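In: just to be clear, the model below is a prediction. Sequence and coordinates:
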Amino acid sequence: MVFIQAVTKGRGRTLFRLFSFFFLITVFYVGISTPLFPALVIRDTQSNQVVWSANIQDEAAFGIRWTHSIHRSTIEEQYRIVDGQIILSEMSFHDYGIGMENELAPGEKLVLADGRFHIRNMQRSFPALRLFIGQVRANHTLLFAGQDIPLSLIDNPGEAITIQAEKRSILSELGGY
């Protein structure tokens, strides 16, 4: 009788330890896979794979510079990230012509400065930016944290990419998914 009590008492302790172990593993996994850190992410649109990402703060800024295919002048767009949305805040270009903005939204201003046209006070919101990386002369370049990063180094020219703000987990930052 004493032997049976000892075995069942040890079995309860083992089950408790096993349950505690699995509970801790579950809490750990949930902790490292919960999206907490805001990031600017570029995904290959076809495969949905992350090809580039960087941690950001809210109200972070970035830009995209590219060469217009018709008048072959440089276009630069400035964006802010607010509450997970990408806000186009300013656009500048050298030549006003085909394919350029021809109407201003309320509150926007067209200014000529430094030999370039600037559309300022823009508040155009996008959940994501989708574009094809130029193959011939567009030379799309990401302007981020003081760096000029050619998009052709991030993914192949001609490929479609999606730029968006999203929250990333520790596991995704380590390459887990």
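Out: Yep, it's here.

In: burial of residue 130, as a residue count?
Out: Residues near residue 130, counting by other C-beta atoms under 10 Å, number 12. Where C-beta positions appear, they are placed from N, C-alpha and C, glycine not excepted.

In: quick check: buried residues in the strand or helix carrying it?
Out: Residue 130 belongs to strand 129-132 when elements are defined using DSSP states H and E. Residues of strand 129-132 classed as buried by neighbour count (16 or more other C-beta atoms under 10 Å): residue 131.

In: what's it packed up against?
Out: Packed against strand 129-132 by the contact rule (3 or more C-beta pairs under 8 Å, 6 or more residues apart in numbering; DSSP states H and E) you find strand 160-168.

In: what lines up beside the strand it packs on in the sheet?
Out: If you go by DSSP bridges, strand 160-168 pairs up with strand 37-44 (antiparallel), strand 129-132 (antiparallel).

In: kindly export the first one (C-alpha atoms) in PDB.
Out: What that stands for is strand 37-44. Extracted in PDB, the C-alpha atoms of strand 37-44 (Å, rounded to 0.1, in the frame of the first residue of the first chain):
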ATOM      1  CA  PHE A  37       8.300  45.700 -33.600                       C
ATOM      2  CA  PRO A  38       7.400  48.200 -36.400                       C
ATOM      3  CA  ALA A  39       9.400  47.700 -39.600                       C
ATOM      4  CA  LEU A  40       9.500  48.900 -43.100                       C
ATOM      5  CA  VAL A  41       9.300  45.800 -45.200                       C
ATOM      6  CA  ILE A  42       9.900  45.100 -48.900                       C
ATOM      7  CA  ARG A  43       8.400  41.800 -50.200                       C
ATOM      8  CA  ASP A  44       8.700  40.200 -53.500                       C
END
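
In: okay then, goodbye and thanks.
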